[in-house]
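*Asks:* After the sequence you'll find the predicted model.
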Amino acid sequence: MDGFAGKVAVVTGAGSGIGQALALELARSGAKVAISDVNLEGLAETEQQLKEIGAEFKTDRLDVTEREAFLLYADAVQDHFGKVNQIYNNAGIAFTGDVEVTPFKDIERVMDVDYWGVVNGTKAFLPHLIASGDGHVINVSSLFGIFSVPGQAAYNSAKFAVRGFTEALRQEMLLARHPVAVTTVHPGGIKTAIVRNATAVEGFDNAALAKMFDTHLARTSAPRAAHIILSAVRKKRARVLVGPDAKAMDVLVRLTGSAYQRLFATVTRRLMPRPK
Ligand SMILES: NC(=O)c1ccc[n+]([C@@H]2O[C@H](COP(=O)([O-])OP(=O)(O)OC[C@H]3O[C@@H](n4cnc5c(N)ncnc54)[C@H](O)[C@@H]3O)[C@@H](O)[C@H]2O)c1
């Protein structure tokens with residue numbers, strides 16, 4: 001893959017999974033990359049691999065929920081490379097728990113990282129992306145930004161919100177004739193640590209869910225996901241569905257309309273681990 005030679009790309013959550021794979025594939029495609037995460041061990045691993053590729057990069061600890069730090073970080077990346085072309089707002093966390101028993105703070109935490117983290121990153125970098133003359137915002141939502149499932153209200157809310165925010169932004173950039181493309185990413189099950197690292201309400205067996213996710217639901221590797229995402233970025237697509245499961249479920253939800261909710265409630269009762 002080429003096409004990113006000389007571009008400067010920023011990737012949040014680059015210490016693991018999709019973010020790490022994006023940073024490496026971008027570097028192999030000739031981009032200079034700014035990587036960040038709160039997971040410093042993972043970040044060091046990504047950095048090591050970037051060195052082996054021979055890429056130009058900048059590494060920082062950045063918590064995407066810290067707005068002031070994010071604004072300063074955007075200026076620091078601009079100063080370091082002289083321009084910024086792309087931001088991949090990728091950092092994210094998962095949480096499982098029914099609304100009835102989930103404390104407010106857990107819903108807020110997911111919104112802080114998965115939604116506000118994306119808003120912070122978009123707004124911090126937008127002036128630099130516009131100034132670059134060839135900018136691109138790539139926001140990672142989820143298949144769970146297309147339909148909801150029981151136990152995922154917090155995650156569903158954040159990922160639907162990312163989709164709404166990003167689709168509005170795309171239209172604004174078109175209207176204003178700003179040189180900034182905008183892409184929403186909807187991955188299906190990707191083989192990463194996301195569910196293993198997730199938290200859940202008390203009494204929920206997250207290990208059982210992680211096992212089920214790793215064995216049955218995560219069908220696409222992180223490098224494959226990065227490859228699909230970057231192909232869509234090259235084509236400046238509005239939306240990218242990552243993996244055959246994402247494509248199939250998107251069609252199913254379109255065909256069934258709101259009737260999918262009864263269908264998924266039944267399937268969940270039979271197949272998924274539930275709180276005791
Ligand atoms: N894996 C999947 O099946 C899947 C499916 C749909 C969407 N996604 C989304 O893809 C994105 C990447 O997830 P992944 O699967 O690679 O998971 P992952 O857990 O492997 O990687 C996520 C990274 O984000 C980092 N992170 C978490 N909170 C952060 C914060 N506050 N500030 C900065 N970094 C933070 C983590 O430390 C981790 O390194 C997430 O937004 C996730 O919701 C993943």
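*Replies:* That came in fine, so what should we check first? Numbering: from 1, shown residues only.

*Asks:* Next, count neighbours for P103.
*Replies:* P103 is flanked by 11 other residues according to other C-beta atoms under 10 Å. All C-beta atoms are positioned from the backbone trio N, CA, C, and that covers glycine.

*Asks:* Ramachandran coordinates for it?
*Replies:* Per-residue torsions, P103: phi -60, psi 150 (degrees, to the nearest 10).

*Asks:* can you pull the contacts of it?
*Replies:* Going by C-beta atoms under 8 Å, 6 or more residues apart in numbering, P103 touches V201.

*Asks:* what's the answer for the one 3 residues further on, then?
*Replies:* For D106, the residues meeting the contact criterion (C-beta under 8 Å, 6+ apart) are F95, G97, A154, T199, V201.

*Asks:* tell me which of these is nearest to the ligand?
*Replies:* F95 (10.5 Å; C-beta to the nearest ligand atom).

*Asks:* can you list contacts of the longest strand seen in the chain?
*Replies:* Longest strand of the chain, by residue count under DSSP state E: strand 180-187. Applying C-beta under 8 Å, 6+ apart, the external contacts of strand 180-187 come out as 18, 126, 129-130, 135-143, 145-146, 162-163, 166-167, 169-170, 173, 220, 225, 229, 232-233, 236-243, 246, 250.

*Asks:* what pairs with that strand, and is each one parallel or antiparallel?
*Replies:* strand 135-140 (parallel), strand 239-242 (parallel) (DSSP bridges).

*Asks:* ranking these by burial, who's on top?
*Replies:* Mean neighbour count (mean count of other C-beta atoms under 10 Å) peaks for strand 135-140 among the strands paired with strand 180-187, with a mean of 25.

*Asks:* one step back: return the members of the contacts of D106 classed as buried.
*Replies:* Buried subset of these (neighbour count, 16 or more other C-beta atoms under 10 Å): F95, G97, A154, V201.

*Asks:* residues in contact with K7?
*Replies:* Counted by C-beta under 8 Å, 6+ apart, K7 has contacts L26, G30, A31, K32, N85, Q86, D134.

*Asks:* which one among those gets closest to the ligand?
*Replies:* Taking C-beta to the nearest ligand atom as the measure, the ligand lies nearest L26 of the contacts of K7, at 14.8 Å.

*Asks:* Please report how far Y73 lies from G6.
*Replies:* Here Y73 is placed at a distance of 22 Å from G6 (C-beta to C-beta, to the nearest Å).

*Asks:* go on, E202?
*Replies:* Taking C-beta to C-beta, one finds E202 at 51 Å from G6.

*Asks:* same deal with L175?
*Replies:* For L175 relative to G6 (C-beta to C-beta), the value is 28 Å.

*Asks:* re the thing from before, give me the subset of the contacts of strand 180-187 touching the ligand.
*Replies:* Restricting these to those touching the ligand (C-beta under 6 Å from any ligand atom) yields I18, V140, S142, L143.

*Asks:* Surely the third one is in contact with F160?
*Replies:* Looking back up the chat, that one is S142. No - judged on C-beta atoms under 8 Å, S142 makes no contact with F160 at a distance of 9.1 Å.

*Asks:* Can you tell me which residues in the stretch 101-250 of the chain are near the ligand?
*Replies:* So the stretch 101-250 of the chain meets the ligand at 113, 117, 140, 142-143, 187, 189-190, 192-194, 197, 218 (C-beta under 6 Å from any ligand atom).

*Asks:* any chance of those residues in JSON lines, plus pLDDT?
*Replies:* Compiled in JSON lines, these are given as follows (pLDDT from 0 to 100):
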{"residue": "V113", "pLDDT": "98"}
{"residue": "G117", "pLDDT": "99"}
{"residue": "V140", "pLDDT": "99"}
{"residue": "S142", "pLDDT": "98"}
{"residue": "L143", "pLDDT": "98"}
{"residue": "P187", "pLDDT": "98"}
{"residue": "G189", "pLDDT": "98"}
{"residue": "I190", "pLDDT": "98"}
{"residue": "T192", "pLDDT": "98"}
{"residue": "A193", "pLDDT": "96"}
{"residue": "I194", "pLDDT": "97"}
{"residue": "N197", "pLDDT": "95"}
{"residue": "A218", "pLDDT": "96"}
